[in-house]
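Asker: just the structure for this:
(chains A and B)
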2 protein chains.
Amino acid sequence: MSGDRLIYLPLGGAGEIGMNAYVYGYGPQDKERLIVVDLGVTFPDMDGTPGVDLIMPDITWLEERKDRIEGIFITHAHEDHIGAVGHLQSRLGGIPVHARAFTANLARRKLEEYGVVEPQAVTTASAWPEMIEAGPFKVGFAPISHSIPESAGLVIDTPAGRVVHSGDFKTDPTPVIGEPFDPVMWGEIAKGGVKALVCDSTNVFSPHEGRSELSIGPEIEQLMSSASGMVVATTFASNVARLKTLAEAAQRAGRSICLLGRAMRRMVEAAVETGILTDFPSTIAPEDAVQIPRENVMLLVTGSQGERRAASAQLAQGKYNGIELKEGDTFLFSSKTIPGNERGVIRIMNQLSEKGVEVIDDSSGRYHVSGHANRPDLQKMHQIIRPQILVPMHGEHRHLREHTKLGEEGGLQSILAVNGTMVDLTGNAPRVAEFIETGRTYLDGSVQVGALDGIVRDRIRMALNGHVTVTLIIDEEGEPLGEPWCEIMGLAETGVSRASLVEVLEEDLNQYLMRAGKKTLADDDALEKELRTITRRTAQGEIGKKPEVTVVISRLA
Amino acid sequence: MSGDRLIYLPLGGAGEIGMNAYVYGYGPQDKERLIVVDLGVTFPDMDGTPGVDLIMPDITWLEERKDRIEGIFITHAHEDHIGAVGHLQSRLGGIPVHARAFTANLARRKLEEYGVVEPQAVTTASAWPEMIEAGPFKVGFAPISHSIPESAGLVIDTPAGRVVHSGDFKTDPTPVIGEPFDPVMWGEIAKGGVKALVCDSTNVFSPHEGRSELSIGPEIEQLMSSASGMVVATTFASNVARLKTLAEAAQRAGRSICLLGRAMRRMVEAAVETGILTDFPSTIAPEDAVQIPRENVMLLVTGSQGERRAASAQLAQGKYNGIELKEGDTFLFSSKTIPGNERGVIRIMNQLSEKGVEVIDDSSGRYHVSGHANRPDLQKMHQIIRPQILVPMHGEHRHLREHTKLGEEGGLQSILAVNGTMVDLTGNAPRVAEFIETGRTYLDGSVQVGALDGIVRDRIRMALNGHVTVTLIIDEEGEPLGEPWCEIMGLAETGVSRASLVEVLEEDLNQYLMRAGKKTLADDDALEKELRTITRRTAQGEIGKKPEVTVVISRLA
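Answerer: Numbering: from 1, shown residues only, chains lettered A, B, ... in the order given. Just a heads-up that it's a prediction; the model follows:
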């Protein structure tokens, strides 16, 4: 065994919040047997990824080693941990996916939707202390509190020692649904010594101890009973504890509950099916909700992040499922706005304001608690596990850096490893073994494209610069047949000369062609380049923009 | 005079934060003499306005009445109040612009840059109690504290009474630079009774009294002296008080000051020229900054909002003016991130983290104070002015609504008037007189285009859907000459069938053309429509996207 090593390799999630994908390996160098922990997605935006549907980790490295992979282990059912399973599992040769019941239930629903793999591809795992053998690894799902039921930290036993992979977690003793954070259990897990704690970094900048999910129940109930009209509450559908808190508060305030949005209904179904949600108040259909007095209704809706097609956005704009909000209604964001989503959320708030709806957000801190361990909570976890090595994960660079510093302040050997950094954990100190080229894969429509393929770059350029199509026909004698033809898209029709941009472009191109020599006219590449240059230069002069140009030269040969 | 009326009409700024433009009118209906208060811009983003350079109010209504305009009054030199003057003044017939010295200085610099109007077009106004006659109006610039020097609230006297237009303001008794908020002066202004207070709403959701600029000096000094490496501080260049606070703290900490970024140098120049900044520490050039020990340098840089080309972004990415940041340096955001700018700011923070630079932001509240009046400060202003009517301005709909409620809670008659709402202030109660069509004008390259012209919409569509050019030549007999030709931009090259997308498209289009009848082939519109439909349908099947399509049919006639 002397040549064997234990490696850790983040392919996503280390250097960003979202798109979690981590690899562990054990064995002789370059022959390690591998396990994958989480295969998540992150979401596109107009700034960098217009038109993209989902962003997934680039798994080329894994794909080239798929015969060495023993299994995929999913810590919990958030999209940034599970969302890429359906899209990528087949590329890895249909390796078994392990997850606890609730996560497995949702994974199966997702996979069925995409039709990518069979439901039996997901194995339901029991909770720690049961462990699953996967080559040289034994993996246990140790319950840990988070903002979705049945989250697990993974206990990964290897011949080189035990690794604790925290997954996303908070140290909530009363999480309403799901297992409380159990310091005794984690203490026992740590008793024999832990090689490495690979640990969530999301909230490392939050200075105060995290509050419990239980603490917001009374606040929400107070709000529900004092509100005069209809109450609409939105949160992440996967936050089943919050759904329960909201629903029970509504019930106690004499309100019937109506679920709006596909994800909301799916999540409640999954939680009921897996026995997690046992006493959820009965719900009513939208068509019934409009029949009873507004003060007796609470809508529980999707779209807390301002997503354009979700229930929140549609209610803010007009009707949804026959329900329309009115002056005097109350809309509660029982959620935090993820950085980058502010514009969408603010748009909804203003549309609601226009309708006279009272909007209440998280700014008071009374209606939402985070699902991640804050700075003092992280310190608590460090102290319980007392690992030989701390490896911060799930964070942007600044979070990982801060978490590394926090570990070092607490006397822990800490290493900052971003995506692509293969860390050798075998020895007494962590060692960077290698840098792997990593990146992102876009789901673009129905195809997967590489982030560096240039496809999205071209789309961004068209968005910034507009587009001109130039067509030219060259006759059998090698002379232009008629004049070149231009069509514009996304550009002003008239420029500074007050003439039609298209006409000015065609005129300038024609002037050039009349002067152009036989040799240039015979050379497609040279001609195309010239026509493009003239088009861009003329447009710059006329409208101050250099458009993207498609030149089509047809030769009648 | 019985038929005369006093009207208020926001063309920008009421229903948004930014792009301020307000009109007041007095006289017989539809013959009112008009004044314009502020002509600001707002900034584009990829979500809704890719490729746009600036967003300005649509001034069509004013343009059609330009012979009735008596003057343009600029409250202060922030871009969202002054930024459109250069672009729009000529469309209004070169009406005189009035502003206080510092604002006028900056306005002239801007105008010179654009070459749009002559420097003398800007008239320097003295402070209240001096007043400027403008038709039936008398307008006084009453000093008020804000985050830029020489801000003014306008005292607008009309035959129907006095209007106080607050401009942007805070109630800071010790603003470091610029006049403190003067409750005595405002009390005197209000003494004879105020018809209407038209009032900044930006911070109506901030529950606590605003803090003074003076309070952050010691905090910043502490930071500067305890930092070991170079310190870089960024804030809005126009926040001259902050520049002074930062520079003096640096000086006391034994650091030489180096200004980076054009706006930073321009702003300090303007402040010195107008005598506002009298004892600013001397600065050093970038080439000197690299010659002295890092702990003796503070860079004061532009780009606090993450702007891609500003000094902050460039320092975060690599070198700027020969200066490169290193492990152990400190970067201070002495600024708040404006909602919507988070992505850009976070990008910089992470790049700095990668360099090992300590990043300190506003989250502790120690290094920044807002320039706007918070909720209790607004109440204070209401109480001082005791207007007959409160008209909240400068805010999104939710801010205006909340401010209206706040006024009503305090016993003030309040009216929510968004852009385009002409309010008749003549009587005892405000009355909506008319709704004017308003909108936005984009500066797109060098031309002004309407927000609804469809130009930017087409660019967004290309960004989301990609683009296909289809060209087809029809011969003298009305038959296709050869096969149709496709070029793609921003689309995956291969789709689900694993064949080239272009080839599949051309094949499907050709199949259609072989079946197409003479009649269709002779009809450009019908043919174009069919070719577009087939292209979109085939692309949808191959890659799951429906691209934008430009069809060019050339007929050899």
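Asker: from here on, just use CA atoms for contacts and neighbour counts.
Answerer: Will do.
Asker: tell me who's in contact with the closest residue to A:Thr158 other than its chain neighbours.
Answerer: Nearest residue to A:Thr158, sequence neighbours excluded (C-alpha to C-alpha, 6 or more residues apart in numbering or on different chains): A:Phe137, at 5.1 Å. A:Phe137 is in contact with A:26, A:156-159, counting by C-alpha atoms under 8 Å, 6 or more residues apart in numbering or on different chains.
Asker: and A:Phe137, bridged to which residues?
Answerer: The partner list for A:Phe137 in beta bridges (DSSP bridges) reads A:Ala134.
Asker: what pLDDT does it get?
Answerer: What the model reports as pLDDT for A:Phe137 is 98.
Asker: could you report the distance from it to A:Arg431?
Answerer: 21 Å (C-alpha to C-alpha, to the nearest Å).
Asker: the longest helix in chain A is where?
Answerer: Criterion DSSP state H: the longest helix present in chain A is helix A:524-543.
Asker: what residues sit buried inside that helix?
Answerer: Across helix A:524-543, burial judged by 16 or more other C-alpha atoms under 10 Å in any protein chain shown covers A:524, A:527-528, A:530-532, A:534-540, A:542-543.
Asker: burial measure for A:Phe181, as a count.
Answerer: A count of nearby residues for A:Phe181, using other C-alpha atoms under 10 Å in any protein chain shown, gives 19.
Asker: and A:Ala429, by the same measure?
Answerer: As a burial measure, A:Ala429 scores 13 neighbours (other C-alpha under 10 Å).
Asker: same thing with the one 5 residues further on?
Answerer: Applying other C-alpha under 10 Å, we find 12 other residues in the vicinity of A:Glu434.
Asker: for the stretch 301-450 of chain A, what spans make up the helices?
Answerer: If DSSP state H, counting those that start in this stretch is used as the criterion, the helices of the stretch 301-450 of chain A fall at A:311-317, A:342-354, A:375-385, A:397-409.
Asker: which strands or helices does the shortest one pack on?
Answerer: Spelled out, that is helix A:311-317. The helices and strands touching helix A:311-317, judged by 3 or more C-alpha pairs under 8 Å, 6 or more residues apart in numbering or on different chains; DSSP states H and E, are helix A:342-354.
Asker: could you count how many residues lie near A:Ile338?
Answerer: Using other C-alpha under 10 Å, A:Ile338 is surrounded by 10 other residues.
Asker: contacts only, for it.
Answerer: A:Gln305.
Asker: got it, and A:Ala190?
Answerer: Residues counted as contacts of A:Ala190 (C-alpha under 8 Å, 6+ apart) are A:384-387.
Asker: which of the buried residues of helix A:524-543 lies closest to chain B?
Answerer: Minimum distance to chain B across the buried residues of helix A:524-543 is 5.2 Å, recorded for A:Ile543 (C-alpha to the nearest C-alpha).
Asker: can you pull the pLDDT of the residue lying closest to A:Ser206 once chain neighbours are set aside?
Answerer: Spatial nearest neighbour of A:Ser206, excluding adjacent residues (C-alpha to C-alpha, 6+ apart): A:Asn374 at 5.2 Å. Looking at A:Asn374, its pLDDT stands at 98.
Asker: look at A:Ser90 and report its pLDDT.
Answerer: Reported pLDDT for A:Ser90: 83.
Asker: average model confidence for stretch A:475-488?
Answerer: The model assigns stretch A:475-488 a mean pLDDT of 94.
Asker: buried residues in that stretch?
Answerer: The neighbour-count check on stretch A:475-488 (16+ other C-alpha under 10 Å) flags A:478-481, A:483-488 as buried.
Asker: what about the residue in the stretch 401-550 of chain A that chain B sits nearest to, how many residues nearby?
Answerer: Chain B sits closest to A:Leu464 of the stretch 401-550 of chain A, with a gap of 3.7 Å, by C-alpha to the nearest C-alpha. Number of residues near A:Leu464 (other C-alpha under 10 Å) recorded here: 25.
Asker: my read is that it contacts B:Val52, right?
Answerer: Yes. Assessed by C-alpha atoms under 8 Å, A:Leu464 is found in contact with B:Val52 at 7.5 Å.
Asker: what is in contact with those two at once?
Answerer: Here A:Leu464 and B:Val52 share no contacting residue, scored by C-alpha under 8 Å, 6+ apart.
Asker: list only those of the contacts of A:Phe137 flagged as buried.
Answerer: Buried subset of the contacts of A:Phe137 (neighbour count, 16+ other C-alpha under 10 Å): A:26, A:156-158.
Asker: want to throw those residues into TSV with distance to A:Ile415?
Answerer: Output for these, formatted as TSV (distance: C-alpha to C-alpha, whole Å):
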residue	distance to A:Ile415
A:Tyr26	19
A:Ile156	19
A:Asp157	20
A:Thr158	20
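Asker: closest to B:Ile69 among those residues?
Answerer: Nearest to B:Ile69 out of these is A:Ile156 (C-alpha to C-alpha; 75.9 Å).
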